[in-house]
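Trainee: Make a model of this:
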Amino acid sequence: MDGPRSETLFDPAPSFEGLPEAGFEMFALPDRVARRKAIVQTIHPGLRLLAEELVRLLDPDATTPLHSHIPRLDWPRDYEPFCTWATLSPATHGYLAGPQLNLGVHADHVSVRLGWDATADAFGRFEFLCRHSDLGRELIELADGQDLVFRVYSSAPWPEGSRCVFESRENLSGSLNELRRHGIWWELGRRFDLPGSLPLVTTTALRDEALRLFRLLLPVYGRILGH
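Mentor: Just a heads-up that it's a prediction; the model follows:
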């Protein structure tokens, strides 16, 4: 008689198969606590698998090791979860203080981007380099050559949570100006609006597209970090 089957030997590790289509409905739950729990239980398992696979696949291209981060969505205590995200960063802690290779999941879109929380102290240095060094030209050329978009988001009441107040394919300076007036988040990347992009974000195509875009963004990301 055969002995017990070893899951370690015979079962492959789980892999990312796409975000759950039903998961996007969780952002509309009216109760804050129930909404957070539903997002964490429904979206985060797949998002964590995606982030871990991206770190592994990007590792040969990265100048320093990357770590994956998934938020708890429970801070500050009165926070109204309106999105979630996976961030790849060399930082093991405190990744919000610097630039992020970020995959954001919202009720109406998924974004793959190089992003910044504009309230971070280090953002001022990034803005200076964009305006007064070759970094700005490099970002503009990257956007133009790879069909990426500069966007700025401002805060908005739940359930919206954030609102895009600026987008351009070439006007980096305009994005920084708008950020000073209204914004809290700056990004360069690609946005997949829903429901039109559901066939992409609910399949392994999201992993493939995120990998392609992060590989394009990695060199400039490293330069921002000073590598």
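
Trainee: From here on, just use CA atoms for contacts and neighbour counts.
Mentor: Fine.

Trainee: What is the burial count for residue 124?
Mentor: 12 (other CA atoms under 10 Å).

Trainee: With residue 27 instead?
Mentor: Residue neighbour count, defined by other CA under 10 Å, stands at 24 for residue 27.

Trainee: Just confirm it contacts residue 83, I think it does.
Mentor: Yes: the criterion here is CA atoms under 8 Å, and residue 27 meets it with residue 83 at 7.1 Å.

Trainee: and for those two, which residues touch both?
Mentor: 106-107 (CA atoms under 8 Å, 6 or more residues apart in numbering).

Trainee: any idea of the mean pLDDT for stretch 41-50?
Mentor: Averaged over stretch 41-50, pLDDT sits at 97.

Trainee: quick one: that stretch to chain centroid distance?
Mentor: 13 Å (CA atoms, centre = their mean, to the nearest Å).

Trainee: ok, residues contacting stretch 41-59?
Mentor: Contacts of stretch 41-59 (CA under 8 Å, 6+ apart): 14-20, 23, 65-70, 85-88, 207, 210-211, 215.

Trainee: What subset of these is buried?
Mentor: 16-20, 23, 65-70, 85-88, 207, 210-211, 215 (16 or more other CA atoms under 10 Å).

Trainee: so residue 175 sits in a helix?
Mentor: Yes: under DSSP: H, G, I helix; E, B strand; the rest coil, residue 175 falls within a helix.

Trainee: what's the neighbour count on residue 121?
Mentor: The burial count for residue 121: 11, using other CA under 10 Å.

Trainee: Can you check my assumption that it lies in a strand?
Mentor: No: secondary structure of residue 121 (three-state DSSP): coil, not part of a strand.

Trainee: Just give the closest residue to it, not the sequence neighbours.
Mentor: Of all residues not flanking residue 121 in the chain, residue 97 sits nearest, at 7.1 Å (CA to CA, 6 or more residues apart in numbering).

Trainee: swap in residue 117?
Mentor: Using CA to CA, 6+ apart, the nearest residue to residue 117 is residue 185, at 4.9 Å.

Trainee: for the one you found, what are its contacts?
Mentor: Counted by CA under 8 Å, 6+ apart, residue 185 has contacts 115-118, 152-154, 179.

Trainee: repeat that for 6 Å
Mentor: Listed by CA atoms under 6 Å, 6 or more residues apart in numbering, the contact partners of residue 185 are 116-118, 152-153.

Trainee: How about residue 190?
Mentor: 111-112, 148.

Trainee: Ok, residue 204 next?
Mentor: The contact partners of residue 204, by CA under 6 Å, 6+ apart, come to 17-18.

Trainee: what do you get for residue 189?
Mentor: Applying CA under 6 Å, 6+ apart, we find residue 189 in contact with 112-113, 148-149.

Trainee: measure it to residue 209 for me?
Mentor: Residue 189 sits 11 Å away from residue 209, going by CA to CA, to the nearest Å.

Trainee: Please enumerate the strands of the chain.
Mentor: Taking DSSP state E to define them, one finds strands in the chain at 67-69, 83-89, 100-106, 109-117, 149-155, 162-168, 185-193.
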